[in-house]
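K.L.:
Predicted model and sequence below, questions to follow.
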Amino acid sequence: MLFNSLTYALFLPIVVALYWASPIKLRVPILLIASYVFYMSWRPVFILLILGLTVVNYFFGFFIHRSQKNKKPWLFAAVATNLITLSFFKYAYFLNDVLVSALKPLGMAPPAMPFDIILPLGISFFVFEFIHYVVDVYRGSEPIKSFLAFSLFASFFPTQIAGPIKRFQDFIPQFLSPAKFSIKDFDSGVSLILLGLFKKVLLADNLAFFVQGGFQHPELFNSLDLWIFTYAFAFQIYFDFSGYTDIARGSAMLFGYKVPINFNLPYLAKNISEFWHRWHISLSTWLRDYLFIPLGGSRGSRWNVYRNLMITMSLGGLWHGASMHFLIWGVFHGAMLGLHKMFKESRTWLSERGHNWLSAAVDSPVGSILSTLLTFHVVCIGWVLFRADTVAVAGDMLRKLFFIDSIAGNVPANAMALPAINYPLIYPAIFLLLPVLALSHIIMGYVDKTKWVERSPRLVKAAWCCALMFMILVFSPDKSPKFIYFQF
């Protein structure tokens, strides 16, 4: 059930009406049943997966909490259970491909996969929530006593498929003091849902059709074309994923629940570290708290810190997808974070010796603008690795982007079947569109960050919602692809 589908447009109001019309004691069960119905709408059999992991992790939490002297074996068993489950569904084919590549030069081949494996929706997100839960119980947090509350924590349908990744310490207390119906929350929730649909349907989906042609057939385009496709994808993935998050947060608000924000004007970041504090915030903080810090974090020698950064971001890349280009994307960001740390250390070293010219240059208005532009282009280079279908295609595109080499390959046999679009003729339109997209990124981020709609008079809220609905209905494409992060 997609957020941008008619089914969800019917499902959500019905659940909201049932929820608020029911006695307080029945609201959590109603929301839990609705969440399971939502998950089963894709493939009913996978309800057994999320339900099974819910039961297992619920009991693991108590085993860890009650074992005063032997907590580590229970923690290891809990984390291993979650990671093995995730690895089986998400990485079995990837590991098999790696094994095939390793054995092929030796004239050997592993046995073929005896069955097909289908990746369950949302498994990467709810598995990370389960790991967060058992680790925090190990660290001293009280386990969740109510099985219904714990079940809803993992399966809550607004965040079930693509986050944001919740923390149970923030989410569970909202059950303990049930919210009363609030017109303010309802207004804010509806406006967030419409803003998310605007980002997804109007901006991301229209960009998707343009981006697809460039990344599927990069051999047909020159360097300038490929830079435009890269910029377009940078905004596509932002509007797609932040649009999903807005719909998720807005849907949760209709029930009186708050879930964390996931984006904070990421393309205005002045360095790559700041970018990861603004982009997919719930994942980046999870990686920091449950991977980077346990590895040693920023403690120890300089090289240990670089190693920890590289391991964290490499595994973060693999979390996004079981493919070599996702791994390389993670390695790339780990390397960029390492370089940024080196730069910070050099800047501090110079400042301590009275040489403040570098700090002054970076902190100046011109330096801030250049830093933001440089960071955005570093992120865009990473997006090429992220979006390209294979490492070879990404490498060819990057060589062409930097005028190092032309795309090595022949024009595909079906090239004549591509849409008859003369891309150079639409350069003026594209160069006008990019500032519009950048401005949209700033305006919509500002609206969310400042809660402008929540603080506005009701007439302004109504006008805002009507304007969003009008633009969604008039300018949306005929087909709307599924959300990009649904594949993870």
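P.N.:
Thanks, I have it. Numbering: from 1, shown residues only.
K.L.:
Give me the mean pLDDT for stretch 277-285.
P.N.:
Per-residue pLDDT over stretch 277-285 has a mean of 92.
K.L.:
Buried residues, it. List them.
P.N.:
Neighbour-count burial for stretch 277-285 flags 278, 279, 280, 281, 282, 283, 284, 285 (criterion: 16 or more other C-beta atoms under 10 Å). Using the backbone N, CA and C atoms, a C-beta is placed for each residue, glycine as well.
K.L.:
and of those, the nearest to residue 442?
P.N.:
Residue 442 lies nearest to residue 278 out of those, by C-beta to C-beta, at 12.6 Å.
K.L.:
Quick check: that closest one touching residue 262?
P.N.:
No. Using C-beta atoms under 8 Å, residue 278 is not in contact with residue 262; the gap is 9.6 Å.
K.L.:
Not counting sequence-adjacent ones, nearest residue to the residue nearest to the spatial centre of the chain?
P.N.:
Nearest to the geometric centre of the chain sits residue 280, at 5.1 Å (C-alpha atoms, centre = their mean). Nearest residue to residue 280, sequence neighbours excluded (C-beta to C-beta, 6 or more residues apart in numbering): residue 262, at 5.9 Å.
K.L.:
Give me the neighbour count for the one you found.
P.N.:
By other C-beta atoms under 10 Å, the residues close to residue 262 number 25.
K.L.:
Can you classify it as helix, strand or coil?
P.N.:
coil (DSSP: H, G, I helix; E, B strand; the rest coil).
K.L.:
contacting residues around it?
P.N.:
Residue 262 sits next to 163, 164, 241, 242, 245, 280, 281, 282 when contact means C-beta atoms under 8 Å, 6 or more residues apart in numbering.
K.L.:
Show me how the protein divides into domains.
P.N.:
Annotated domains of the chain cover 6-178, 185-409+422-487 [automatic domain parsing].
K.L.:
mean pLDDT lowest for which of the ones you listed?
P.N.:
domain 185-409+422-487 has the lowest average pLDDT among those, namely a mean of 83.
K.L.:
thinking in terms of the whole chain, how far from its middle is that domain?
P.N.:
10 Å (C-alpha atoms, centre = their mean, to the nearest Å).
K.L.:
Over to stretch 83-94?
P.N.:
The chain centre lies 19 Å from the centre of stretch 83-94; the measure is C-alpha atoms, centre = their mean.
K.L.:
May I see the buried residues of it?
P.N.:
So stretch 83-94, judged by 16+ other C-beta under 10 Å, has buried residues 85, 86, 89, 90, 91, 94.
K.L.:
Give me the contacts around that stretch.
P.N.:
Stretch 83-94 has contacts (C-beta under 8 Å, 6+ apart) with 49, 53, 95, 113, 117-120, 123-124, 127, 131, 318, 322-323.
K.L.:
Nearest to residue 184 among the residues you listed?
P.N.:
Of the contacts of stretch 83-94, the one sitting nearest to residue 184 (C-beta to C-beta) turns out to be residue 124, at 33.4 Å.
K.L.:
State the next helix or strand along the chain beyond the helix or strand containing that closest one.
P.N.:
Secondary structure from DSSP states H and E places residue 124 in helix 123-138. Using DSSP H and E, the helix or strand that follows helix 123-138 towards the C-terminus is helix 147-155.
K.L.:
contacts for stretch 15-27?
P.N.:
With C-beta under 8 Å, 6+ apart as the test, stretch 15-27 has contacts from 30, 31, 34, 178, 181, 254, 255.
K.L.:
Name the residues of it that are buried.
P.N.:
For stretch 15-27, burial by neighbour count (16+ other C-beta under 10 Å) applies to 15, 16, 19, 27.
K.L.:
before we move on, what about stretch 345-354?
P.N.:
residue 347.
K.L.:
now do stretch 137-151
P.N.:
Here stretch 137-151 shows 137, 138, 141, 143, 144, 149, 150, 151 as buried, counting by 16+ other C-beta under 10 Å.
K.L.:
Out of the residues you listed, which is nearest to residue 401?
P.N.:
Taking C-beta to C-beta as the measure, residue 401 sits nearest to residue 138 out of these, at 45.6 Å.
K.L.:
so how far is the longest helix along the chain from its chain's centroid?
P.N.:
Secondary structure assigned by DSSP state H gives helix 71-103 as the longest helix of the chain. On the basis of C-alpha atoms, centre = their mean, helix 71-103 sits 21 Å off its chain's mean C-alpha point.
K.L.:
That helix to helix 123-138, inter-axis angle?
P.N.:
150 degrees (axes from the mean of the first three to the mean of the last three C-alpha atoms, to 10 degrees).
K.L.:
May I have stretch 185-193 exported as PDB, CA atoms only?
P.N.:
Written as PDB, here are the backbone C-alpha positions of stretch 185-193 (Å, rounded to 0.1, in the frame of the first residue of the first chain):
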ATOM      1  CA  ASP A 185      -2.300  18.300  15.300                       C
ATOM      2  CA  PHE A 186      -4.900  17.400  12.700                       C
ATOM      3  CA  ASP A 187      -4.200  20.600  10.700                       C
ATOM      4  CA  SER A 188      -0.500  20.100  10.900                       C
ATOM      5  CA  GLY A 189      -0.800  16.400  10.000                       C
ATOM      6  CA  VAL A 190      -2.900  17.100   6.900                       C
ATOM      7  CA  SER A 191      -0.600  19.900   5.800                       C
ATOM      8  CA  LEU A 192       2.500  17.700   6.200                       C
ATOM      9  CA  ILE A 193       0.800  14.900   4.200                       C
END
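K.L.:
about what we covered before: state the pair within the buried residues of stretch 137-151 that is farthest apart.
P.N.:
Farthest pair in the buried residues of stretch 137-151 (C-beta to C-beta) is 138 and 151. Separation: 20.8 Å.
K.L.:
How about exporting stretch 23-42 as PDB, limited to the C-alpha atoms?
P.N.:
Once non-C-alpha atoms are left out, stretch 23-42 reads as follows in PDB (Å, rounded to 0.1, in the frame of the first residue of the first chain):
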ATOM      1  CA  PRO A  23     -12.300   4.000  23.800                       C
ATOM      2  CA  ILE A  24      -8.800   4.700  24.900                       C
ATOM      3  CA  LYS A  25      -8.100   1.000  25.800                       C
ATOM      4  CA  LEU A  26      -9.000  -0.100  22.200                       C
ATOM      5  CA  ARG A  27      -6.900   2.500  20.400                       C
ATOM      6  CA  VAL A  28      -3.500   0.700  20.500                       C
ATOM      7  CA  PRO A  29      -5.100  -2.600  19.400                       C
ATOM      8  CA  ILE A  30      -6.900  -0.800  16.500                       C
ATOM      9  CA  LEU A  31      -3.700   0.900  15.400                       C
ATOM     10  CA  LEU A  32      -1.800  -2.400  15.700                       C
ATOM     11  CA  ILE A  33      -4.400  -4.300  13.600                       C
ATOM     12  CA  ALA A  34      -4.300  -1.500  11.000                       C
ATOM     13  CA  SER A  35      -0.500  -1.700  10.900                       C
ATOM     14  CA  TYR A  36      -0.600  -5.400  10.200                       C
ATOM     15  CA  VAL A  37      -3.300  -4.900   7.500                       C
ATOM     16  CA  PHE A  38      -1.100  -2.200   6.000                       C
ATOM     17  CA  TYR A  39       1.900  -4.600   5.900                       C
ATOM     18  CA  MET A  40      -0.100  -7.600   4.600                       C
ATOM     19  CA  SER A  41      -1.500  -5.500   1.700                       C
ATOM     20  CA  TRP A  42       1.800  -6.200  -0.100                       C
END
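K.L.:
And it, what's buried?
P.N.:
Buried, per 16+ other C-beta under 10 Å, within stretch 23-42: 27, 28, 30, 31, 32, 34, 35, 36, 38, 39, 41, 42.
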